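Chemist: coordinates for the following, if possible.
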Amino acid sequence: MTNFVLHKAWKLMIIQMNLQNLIHEIPTGVKLVAVSKTQPVQTIRALYDSGQRMFGENKVQELVAKQPQLPGDIEWHFIGHLQRNKVKFIAPVTSLIHSIDSFKLLKDVNKEAEKICRKVNCLLQFHIASEETKFGLDWEEAVSMLASPEYPELKFVNICGVMGMATFTENQERVRQEFSHLHTVFQRLKETYFKESPDFKELSMGMTNDYLVAIEEGSTMLRIGSMIFRPG
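Modeler: This is a model prediction of the structure:
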């Protein structure tokens, strides 16, 4: 074997070890989405062979390109900002869209899902961070959407919970406050609009820099990339 092949094999082994170490840290009942953006198919396959089934992508073209090259039982999560004109490309293949940040987008997902007779699972993304560059709903926008007479007509989308991204900061107390706020939003929505929906159970929050705080604040789903895919 050449040095290049040996180096590649070693890198894949380290990534598999990173995954296993992380899994041992995560409590039972908390799901792990391995954020595989920019990662080649071979690397994703190595994690698949280690038992990982949930992968997250933030670009439509990347998800659509990778999906047919990998096993069919992978659950593809779309975690990036979703442009309305690209919904049609991921509606047939995504297991969960984390980033529903407007009523217009939700209606577009429903429209494309209806065309293929497939119900698409979605999370409502809330803006909880201080950065204005992050996307998401606020409480009033979410209530306006869920109370709208149009909402019950959307038969091809299934709201399964909420998602949010905390401020990128070393101030862990601020991060904790933002995650605690999102947990409160989740609970209020569950009690007010989704009390009879067993599917409304996901609180997607926590990435490489803040996943431990997210777990403490009630996260049910982590989105972690660099911690897994770093070579050592």
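Chemist: residue ranges in the chain under the pLDDT threshold?
Modeler: 1-7, 133, 231-232 (pLDDT under 70).
Chemist: list the buried residues of stretch 89-105.
Modeler: By neighbour count with 16 or more other Cβ atoms under 10 Å, stretch 89-105 contains the buried residues 90-91, 93-94, 96-103, 105. In short, each C-beta sits where N, CA and C put it, glycine included.
Chemist: name the nearest of those relative to Ile74.
Modeler: Lowest distance from Ile74 to those (Cβ to Cβ) belongs to Val93, with 9.6 Å.
Chemist: any idea how far that closest one lies from Glu216?
Modeler: From Val93 across to Glu216, the span is 33 Å (Cβ to Cβ, to the nearest Å).
Chemist: same question, Pro149
Modeler: 39 Å.
Chemist: just to revisit the earlier point, tabulate the buried residues of stretch 89-105 (JSON lines), appending distance to Thr43 and secondary structure.
Modeler: Formatted as JSON lines, the buried residues of stretch 89-105 follow (distance: Cβ to Cβ, whole Å; DSSP: H, G, I helix; E, B strand; the rest coil):
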{"residue": "Ile90", "distance to Thr43": "21", "secondary structure": "helix"}
{"residue": "Ala91", "distance to Thr43": "26", "secondary structure": "coil"}
{"residue": "Val93", "distance to Thr43": "20", "secondary structure": "coil"}
{"residue": "Thr94", "distance to Thr43": "20", "secondary structure": "coil"}
{"residue": "Leu96", "distance to Thr43": "22", "secondary structure": "strand"}
{"residue": "Ile97", "distance to Thr43": "23", "secondary structure": "strand"}
{"residue": "His98", "distance to Thr43": "22", "secondary structure": "strand"}
{"residue": "Ser99", "distance to Thr43": "24", "secondary structure": "strand"}
{"residue": "Ile100", "distance to Thr43": "29", "secondary structure": "strand"}
{"residue": "Asp101", "distance to Thr43": "29", "secondary structure": "coil"}
{"residue": "Ser102", "distance to Thr43": "33", "secondary structure": "coil"}
{"residue": "Phe103", "distance to Thr43": "37", "secondary structure": "helix"}
{"residue": "Leu105", "distance to Thr43": "30", "secondary structure": "helix"}
